[in-house]
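Peer 1: need a structure here:
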Amino acid sequence: MQITFVTPWYNNFAGGAEVAVRTLAENLSRRGFDVQVLTTCCCSPFDNWWQNKLPSGVEKINGVTVRRFPVKRHGEQNYHEINHRIIQRQKIEEKYQRQFVENSINSEELIHYAKNNTQGHLVIGIPYTQGLIYSLIKSLEGRASIMPCFHDEPQFRWITTVEMLELSRHIFFLTEEEKSLAIKYYGNSFGRKIIEATVIGVGVELPIDIDSLILNSSLVTRITSHYNLPRKFFIYVGRKDIGKNILTLIQFFKNYRANGGEANLVFLGGGDTNLVPLEEGFLDLGFVPETDKYIIISQALGLINLSQNESFSLVIMEAWLCEIPVIVHEECKVTTAHCRNTGGGISILCSEEFETALKILSIQDKGKIIGRYGKRYVKRNYSWDCVIESFLRGAYQR
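Peer 2: Numbering: from 1, shown residues only. Model (predicted):
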């Protein structure tokens, strides 16, 4: 089987969808499959989507053939005008839905290549929100599949999403909750195509032996000292972005500190550094080397992810492999279900519940016990062998 993934950003941005496609592509390649990725010359969502920063051409990354194509240069103003209306929660008419998606990140050269050079391939686009994937599904007319990464958001109910589901050859979901959401809204329209679609999950394996590393007390002490880590801290890992509900997280943590809470909040990852308060109790480390990242996570009292729009949340799984409990937002069905299925975390709705969760996880050894429940869940459900088996089962469906 020849497999072609299509995604806007690859190997330069560690967002959830990008990590999902990159790790899946690499693990399929290691198992002998012929895998390529078609992507753009844009570095990441934080760069201008209508400008090329990376060179076009072909390169080999961890066994995967990666082909980069220039982005479409026009449509930026139209996109931002409609995006402003979305932020203001205005109703978006059908013609503007189409304009918004079509003027999102796209590449005419990539679509032309995919249309003429992927006959007989399993072609999969990810995620559904970007114009590149809409153009792919439309252009290949029933030959391309989709790994949508659905959230319950306005775009999920747009006409463009209906058209993508209608034209997709296969649909691959990352979680049962994502599939349930699709069935709820589209089950009557698409019937068996949705109901029998495959849930593949995301393979989660740390690139290091964290259990051995945390037993190395001198290494842990060196990392702790190097980053000036507080004695007690919780951690946020990922993009510092309003869309990740980070302003709520910061306000809740300020309330916790004002009410006598002793722990600090440490941030890892990219995004808008201006969102992190320049005051006692908050520390932004940005990007750190991979080994340092997992050691820092392993020393936290817990990982916090209050995003209400998650289709899987890889970082929660990584925290559990480090035996660290998590705190999530009750309004996110996916992360709440993970916690309920495992007992590995606490879901909250308000500041008071958030403070209670922090206090529970601050009790000596309590958090570690909860974190171990999560670790067992990840090992049982999200090994790469399980994920690849589910993926192939879905790929061979008629």
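Peer 1: can you pull out the helices in the stretch 101-250 of the chain?
Peer 2: Counting by DSSP state H, counting those that start in this stretch, the stretch 101-250 of the chain has helices at residues 108-117, 131-140, 159-167, 176-190, 192-195, 210-214, 217-226, 246-258.
Peer 1: and the shortest one, which residues are buried?
Peer 2: By that I understand helix 192-195. Neighbour counts over helix 192-195 (16 or more other Cβ atoms under 10 Å) mark K193, I194 as buried. Any C-beta I mention is one placed from the backbone N, CA and C, and that applies to glycine too.
Peer 1: how far is that helix from where the chain is centred?
Peer 2: 24 Å (Cα atoms, centre = their mean, to the nearest Å).
Peer 1: that one - contacts with which helices or strands?
Peer 2: Packing partners of helix 192-195 (3 or more Cβ pairs under 8 Å, 6 or more residues apart in numbering; DSSP states H and E): helix 176-190.
Peer 1: okay, the angle between the helix it packs on and helix 159-167?
Peer 2: Angle, helix 176-190 to helix 159-167, by axes from the mean of the first three to the mean of the last three Cα atoms, to 10 degrees: 80 degrees.
Peer 1: what packs against helix 176-190?
Peer 2: helix 159-167, helix 192-195, strand 198-199, helix 333-342.
Peer 1: out of these, nearest to V37?
Peer 2: V37 lies closest to helix 159-167 among these, at 19.5 Å (Cβ to Cβ).
Peer 1: name the residues of that closest one that are buried.
Peer 2: T160, T161, M164, L165, L167.
Peer 1: and N11, how far from R169?
Peer 2: 26 Å (Cβ to Cβ, to the nearest Å).
Peer 1: same check, this time on K138
Peer 2: For K138, the distance to R169 (Cβ to Cβ) stands at 13 Å.
Peer 1: more neighbours, those two?
Peer 2: R169 (19 against 15; other Cβ atoms under 10 Å).
Peer 1: now the more buried one: how far from L140?
Peer 2: For R169 relative to L140 (Cβ to Cβ), the value is 8 Å.
Peer 1: overlap in contacts, the two.
Peer 2: V123 (Cβ atoms under 8 Å, 6 or more residues apart in numbering).
Peer 1: check which helix or strand L28 maps to.
Peer 2: For L28, the host element (DSSP states H and E) is helix 16-30.
Peer 1: name the next helix or strand downstream of that helix, please.
Peer 2: By DSSP H and E, the next helix or strand past helix 16-30 is strand 34-40.
Peer 1: and of the helices and strands packed on helix 176-190, who's closest to L268?
Peer 2: helix 333-342 (17.9 Å).
Peer 1: tell me what angle that closest one forms with helix 176-190.
Peer 2: 130 degrees.
Peer 1: so what does helix 333-342 touch, helix or strand wise?
Peer 2: helix 176-190, helix 314-321, strand 326-329, strand 345-348, helix 366-381.
Peer 1: mind doing that once more with 6 Å?
Peer 2: helix 176-190, strand 326-329, strand 345-348, helix 366-381 (3 or more Cβ pairs under 6 Å, 6 or more residues apart in numbering; DSSP states H and E).
Peer 1: quick one: average pLDDT of the first one?
Peer 2: Looking back up the chat, that one is helix 176-190. Mean pLDDT, helix 176-190: 93.
Peer 1: how about the helix holding L28: buried residues?
Peer 2: 16-29.
Peer 1: check stretch 56-72 too.
Peer 2: If you call a residue buried by 16+ other Cβ under 10 Å, then stretch 56-72 has these buried ones: V64, T65, V66, R67, R68, F69, P70, V71, K72.
Peer 1: so which of those belong to strands?
Peer 2: V64, T65, V66, R67, R68, F69 (DSSP state E).
Peer 1: tabulate these (JSON lines), appending pLDDT.
Peer 2: Converted to JSON lines, these look like this (pLDDT from 0 to 100):
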{"residue": "V64", "pLDDT": "96"}
{"residue": "T65", "pLDDT": "97"}
{"residue": "V66", "pLDDT": "97"}
{"residue": "R67", "pLDDT": "98"}
{"residue": "R68", "pLDDT": "98"}
{"residue": "F69", "pLDDT": "98"}
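Peer 1: can you redo those as JSON lines with distance to N245?
Peer 2: Formatted as JSON lines, these follow (distance: Cβ to Cβ, whole Å):
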{"residue": "V64", "distance to N245": "33"}
{"residue": "T65", "distance to N245": "37"}
{"residue": "V66", "distance to N245": "32"}
{"residue": "R67", "distance to N245": "35"}
{"residue": "R68", "distance to N245": "32"}
{"residue": "F69", "distance to N245": "33"}
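Peer 1: which one of those residues is nearest to I327?
Peer 2: Scanning these for proximity to I327, where the rule is Cβ to Cβ, the winner is V64, at 34.8 Å.
Peer 1: what sits against that closest one?
Peer 2: A25, E26, S29, V35, V37 (Cβ atoms under 6 Å, 6 or more residues apart in numbering).
Peer 1: thanks a lot, catch you later.
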